[in-house]
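Engineer: Give me coordinates for this.
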Amino acid sequence: MAITFSGSSASGAFFMRLGRLFQIAKVHNTFRDTLITEINDVDAEFTAADSDQIAPIISNRDRLAAGSPGLDRAIQQVARQIVIDTVRDGLGLEPENVSHAMELIIKDMNRQNVYVEENTISAGTLSAGLDGLTNTSTIGTVLISNNAPEWMSGASSKKYQNIRAETLRIECTADQSYGRSAGLEEFTVTGSKEPSRFADDWPAGSGTNKKISVTPAENMGKFGGNANILRNGTFNSWVSATSVNAYTLGGTGTALGTTAGGQGGALSNNTERTTTTFGSRGTYGMQFNGNNSYKHSVFQRINNVGGTPEKIYSGRSYIVSFAYRAHTTTITSGILRAALWDGTSSRLSGASATIDFSSTNATSTWANFTAVFDLSEKVVPQDVRFALDFSTALQADRSLIVGECVLAEPVRLYRGGPSILITRGVNDFRVRDGFTLAYTNNYASEMQTFFDQYIGMGNMLLPVAGSTSIADGTYIA
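Structural biologist: Numbering: from 1, shown residues only. Next comes the predicted model:
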């Protein structure tokens, strides 16, 4: 069975019926905006001294701006019933609720390659520093995930369509002087005011006000939430000079025991501990020594006593982040990869990212690498592993130092909005450090916006991949 998405209302076409319904809301909104403009013109003819003469009109303007509860709720009630009945009639299924019905509809849209128009949304412009101040922390930053799961959007790299157009303020509000542990500073994320769902200025801000802790590589007894999944993410704990706790070291190609390499060209260990540490914390870090042949690898098993007891789940997104630098001399070749693996045989699709040192040179100053792993459409294998490995060998006579390695699930700021993770820097954050994160959304898709307003899409969206088959002008008319 399949849903009829296009055609006439009489044929039971889903989008035609809802489009006609949303046209009522559109006409009403246009009339309301016009009427408010006319009342404002009247208001402009009076001064504060005699404005009491038009007080009844002004009070009606304010009620208009708040929406028409009777009509809006009727549209909402009918729209939600259409959604539920469409699943019953089109798919022969009984949904648990409206959200479950929308999930089934979205999946059927993707099966039939039915897409709506797409909003244009900025990826989010991150600026460090608040109120003219410079952040105490260097390297430490806000990492962002904006993309919706492929099963909803119809393709990878499609942004959540209902991200609000606003500038988020991300401020450190508790540090060591407030009793927080170093590396676990607390940030408060605030968005613009959220209007009521049927107000004339909806959609505006998200209204988010959320507290988020920094995610350090060192676990520090914190589990779950946005904590680091990896064990020994600082690479501080070693069994010996060439054996690191919770990881398996390996590689392919001509080993340094045969041909010396690394910084200065005289080192014989492929991978070893170093006393150069990120932020001068701990005793050791991890150092890869290059000879232009050996391809290093470092694996950690997940949900395993020999690696980390934490788990990776399907249907979620994760952010990976690590700090890196050259030992001394700038590195100009080699490709380092971060990925999730099915055992040691293959990498998981959507969970792999690389840094190419031929285009992004590694200097003796710490830098940060980040990537988003999307597991929304993936089956997580039983033997899943996290790895750093070189797909192209590290430059000869050079050494790369890695530290502060984090794999964690970011925190969603609001339903249908972006998710963020805050990482530790060379210097720890202090109160009043912070960032601004600016988003724009042109809300070009009327269908997407009306669904969010009257159905309540939450963390879902109508598919937007490929060419548009449900044009607003055809259905909302």
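Engineer: Please tell me how far residue 117 sits from residue 472.
Structural biologist: Between residue 117 and residue 472 the computed distance is 6 Å (Cβ to Cβ, to the nearest Å). C-beta coordinates here come from the backbone N, C-alpha and C atoms, glycine included.
Engineer: Is residue 4 located within a helix, as I assumed?
Structural biologist: No. When DSSP: H, G, I helix; E, B strand; the rest coil is applied, residue 4 is found to be coil, with no helix at that position.
Engineer: could you check the distance from it over to residue 348?
Structural biologist: From residue 4 across to residue 348, the span is 37 Å (Cβ to Cβ).
Engineer: of the two, who's got more company?
Structural biologist: The residue with more neighbours, out of residue 4 and residue 348 and counting by other Cβ atoms under 10 Å, is residue 348; that gives 20 against 16.
Engineer: Which of the three states applies to that one?
Structural biologist: strand.
Engineer: Double-check it against residue 376; I have them as touching.
Structural biologist: No. With contact defined as Cβ atoms under 8 Å, residue 348 does not reach residue 376; the gap is 11.8 Å.
Engineer: that older thread, neighbour count: residue 117 and residue 472, which is higher?
Structural biologist: Legend: neighbour count by other Cβ under 10 Å for residue 117 and residue 472, higher for residue 472 (21 against 18).
Engineer: Can you pull the residues that touch both of residue 117 and residue 472?
Structural biologist: 445-447 (Cβ atoms under 8 Å, 6 or more residues apart in numbering).
Engineer: Identify each buried residue in the lengthiest helix in the chain, please.
Structural biologist: Of all the segments assigned as helix in the chain under DSSP state H, the longest by residue count is helix 14-43. Within helix 14-43, the residues that qualify as buried by neighbour count (16 or more other Cβ atoms under 10 Å) are 14-19, 21-22, 25-26, 28-29, 32, 36, 39.
Engineer: Now do it: distance to the chain's middle.
Structural biologist: What separates the centre of helix 14-43 from the centre of its chain is 34 Å, taken as Cα atoms, centre = their mean, to the nearest Å.
Engineer: For that helix, which helices and strands make contact with it?
Structural biologist: With contacts taken as 3 or more Cβ pairs under 8 Å, 6 or more residues apart in numbering; DSSP states H and E, helix 14-43 sits against helix 55-65, helix 69-91, helix 446-450, helix 472-475.
Engineer: Which one of these lies nearest to residue 340?
Structural biologist: Each of the helices and strands packed on helix 14-43 was checked against residue 340 via Cβ to Cβ, and the shortest separation belongs to helix 446-450, namely 31.5 Å.
Engineer: Any chance you could list what contacts the closest one?
Structural biologist: For helix 446-450, the surrounding residues in contact (Cβ under 8 Å, 6+ apart) are 15, 18-19, 22, 25-26, 116-119, 161-162, 203, 443, 461-462, 464, 470, 472, 475-476.
Engineer: for stretch 399-407, the distance to its chain's centre please.
Structural biologist: Counting by Cα atoms, centre = their mean, stretch 399-407 is centred 22 Å from the centre of its parent chain.
Engineer: so for that stretch, what's the average pLDDT?
Structural biologist: Averaged across stretch 399-407, pLDDT comes to 97.
Engineer: Over to stretch 246-254?
Structural biologist: What stretch 246-254 shows for mean pLDDT is 96.
Engineer: Also stretch 308-324?
Structural biologist: Model confidence over stretch 308-324 averages 93 on the pLDDT scale.
Engineer: Give me the buried positions along that stretch.
Structural biologist: Under the neighbour-count criterion of 16+ other Cβ under 10 Å, stretch 308-324 has 308, 310, 312, 316-324 buried.
Engineer: Stretch 239-257 now?
Structural biologist: Residues 244, 246-249, 251, 253, 255-256 are the ones in stretch 239-257 that count as buried (16+ other Cβ under 10 Å).
Engineer: what's the most distant pair in the residues you listed?
Structural biologist: The two members of the buried residues of stretch 239-257 with the most space between them (Cβ to Cβ) are 246 and 253, at 24.5 Å.
Engineer: domain assignment for the protein?
Structural biologist: Structural domains of the chain, as assigned by automatic domain parsing, span the residue ranges 9-118+444-475, 238-408.
Engineer: For residue 170, which of these is the nearest?
Structural biologist: Closest of the domains of the chain to residue 170 is domain 238-408, at 15.3 Å (criterion: Cβ to Cβ).
Engineer: end to end, how far does the closest one reach?
Structural biologist: One end of domain 238-408 sits 23 Å from the other (Cα to Cα, to the nearest Å).
Engineer: Tell me where the stretch 201-350 of the chain is predicted with low confidence.
Structural biologist: Applying pLDDT under 70 to the stretch 201-350 of the chain picks out residues 220-224.
Engineer: those strands in it, which residues are they?
Structural biologist: Per DSSP state E, counting those that start in this stretch, the stretch 201-350 of the chain carries strands over the ranges 209-213, 238-240, 243-244, 248-252, 271-274, 285-289, 295-301, 317-326, 335-342, 346-356.
Engineer: thinking again about what came up before, could I get the buried residues of stretch 239-257 as a markdown table with distance to residue 269?
Structural biologist: As requested, these are arranged in a markdown table below (distance: Cβ to Cβ, whole Å):
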| residue | distance to residue 269 |
| --- | --- |
| 244 | 12 |
| 246 | 19 |
| 247 | 15 |
| 248 | 16 |
| 249 | 10 |
| 251 | 11 |
| 253 | 15 |
| 255 | 9 |
| 256 | 6 |
